[in-house]
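**Q** A predicted structure for the sequence below; I have some questions about it.
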Amino acid sequence: MLDTQSVGVYVEPFDLPEHEPKRSVCEDHIITGIHDEMMNEFWVEGCAYDIPLEERVVRVGFSCIGQSALRKKCRMKLTQYDAEGNVLNTGTLR
């Protein structure tokens, strides 16, 4: 709900690395809920509420190029798009 009106959420299919073992690591991160954590943070800090109001749909996608080799840090990225597919904002896991 946003200003007492419903807002739909459309999540694009996950864009993960094609090759193992990077893909498996990303899938494990998803299973453990990293994307849920990112969505929660997105609603509080990142959603461009004023832009999708006319259509009442928020479009997001998750992508990852794989865990960093040195720091072993997840590089999952959340991107918000408008109806035409233009990037509104992005965020990475903290």
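**A** All right, it came through fine. For clarity, every value in this text was computed on a predicted model and none was experimentally measured.
**Q** hey, C-alpha coordinates of stretch 68-81 in CSV?
**A** The C-alpha coordinates for stretch 68-81 follow below in CSV (Å, rounded to 0.1, in the frame of the first residue of the first chain):
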residue,chain,number,x,y,z
SER,A,68,34.1,-11.2,-5.5
ALA,A,69,37.2,-13.3,-5.6
LEU,A,70,39.3,-11.4,-3.0
ARG,A,71,36.8,-10.2,-0.4
LYS,A,72,34.3,-13.1,-1.0
LYS,A,73,31.6,-10.4,-0.9
CYS,A,74,28.2,-10.9,-2.6
ARG,A,75,27.7,-8.5,-5.5
MET,A,76,24.0,-8.9,-5.9
LYS,A,77,22.4,-5.7,-7.4
LEU,A,78,18.8,-4.6,-7.3
THR,A,79,17.7,-2.3,-10.1
GLN,A,80,14.4,-0.4,-10.4
TYR,A,81,13.0,0.2,-13.9
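**Q** How much space separates the nearest residue to His35 once chain neighbours are set aside from Gly85?
**A** Distance criterion C-beta to C-beta, 6 or more residues apart in numbering; nearest residue to His35, sequence neighbours excluded, is Phe62 at 5.3 Å. Heads up, the C-betas are built off the backbone N, CA and C, glycines and all. Using C-beta to C-beta, to the nearest Å, Phe62 is found at 16 Å from Gly85.
**Q** Spatially central, which residue of the protein would that be?
**A** The residue lying closest to the centre of the chain (C-alpha atoms, centre = their mean) is Leu78, at 2.6 Å.
**Q** what sits against that residue?
**A** His35, Met38, Met39, Phe42, Gly46, Val60, Gly61, Phe62, Thr90, Gly91, Thr92 (C-beta atoms under 8 Å, 6 or more residues apart in numbering).
**Q** of Phe62 and Gly85, who's got more company?
**A** Neighbours per residue (other C-beta atoms under 10 Å) separate Phe62 from Gly85, with Phe62 holding more: 20 against 9.
**Q** if I pick that one, what's in contact with it?
**A** Going by C-beta under 8 Å, 6+ apart, the list of residues near Phe62 reads Val11, Glu12, Phe14, Asp15, Ile30, His35, Met38, Met76, Lys77, Leu78, Thr79.
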